[in-house]
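K.L.:
predicted structure and sequence below. I'll ask about it afterward.
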Amino acid sequence: MIESAKPRKQREFRYNAPLHTRQHFLHAHLSKEARQKLGIKARSVQVSKGDTVKVMVGKKKGSTGKVTAVSLRKNVIYIDSYMKKNAKGKEFGMPINVSNVYITDLNLADKVRAAKLRQQPQAVQEKK
């Protein structure tokens with residue numbers, strides 16, 4: 001990551017970041033119920049296609065839906081319940097920033113992702 005605190009350099013870094021670095025920008029908070037159910041200690045995880053999310057900001061606040069696409073280039077996600085019609089009547093997905101949603105249920109069909117999420121970080125024991 002970048003060490004500068006200057007907003008201009010932060011924006012430049014995010015704009016010019018390679019795709020493998022942009023994956024870190026697409027993390028969203030995980031609901032407490034999902035964390036307890038799956039036994040995950042991490043507060044936020046990477047959003048993936050098939051996850052169920054709840055919109056927290058905007059016109060569709062409070063609505064839930066499944067993630068249909070994740071765009072690393074645009075740093076947005078698309079949700080099946082967040083659609084808009086164009087002039088011809090065709091529906092298309094509206095982009096939403098990952099920071100405006102939280103994950104209520106994870107898609108664990110990918111075995112690599114499931115194994116990665118189940119790995120527990122070692123608890124740090126305080127010295128007495």
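P.N.:
Done, it's in. This one's a predicted model, so the numbers in the text were calculated from it and none came from an experiment.
K.L.:
helix, strand, or coil at the closest residue to residue 74 other than its chain neighbours?
P.N.:
Nearest residue to residue 74 in three dimensions, chain neighbours excluded: residue 95, at 6.4 Å (C-beta to C-beta, 6 or more residues apart in numbering). All C-beta spots, glycine's among them, are computed from the backbone N, C-alpha and C. Assigned with DSSP: H, G, I helix; E, B strand; the rest coil, residue 95 falls in the strand class.
K.L.:
please apply the same query to residue 53.
P.N.:
Residue 53 - assigned by three-state DSSP - is strand.
K.L.:
is it true that it touches residue 68?
P.N.:
No: the pair residue 53 / residue 68 is not scored as a contact, 10.8 Å apart, by C-beta atoms under 8 Å.
K.L.:
what sits in contact with each of the two?
P.N.:
By the contact definition C-beta atoms under 8 Å, 6 or more residues apart in numbering, residue 53 and residue 68 are jointly contacted by residue 79.
K.L.:
tell me what residue 85 is bridged to.
P.N.:
residue 91 (DSSP bridges).
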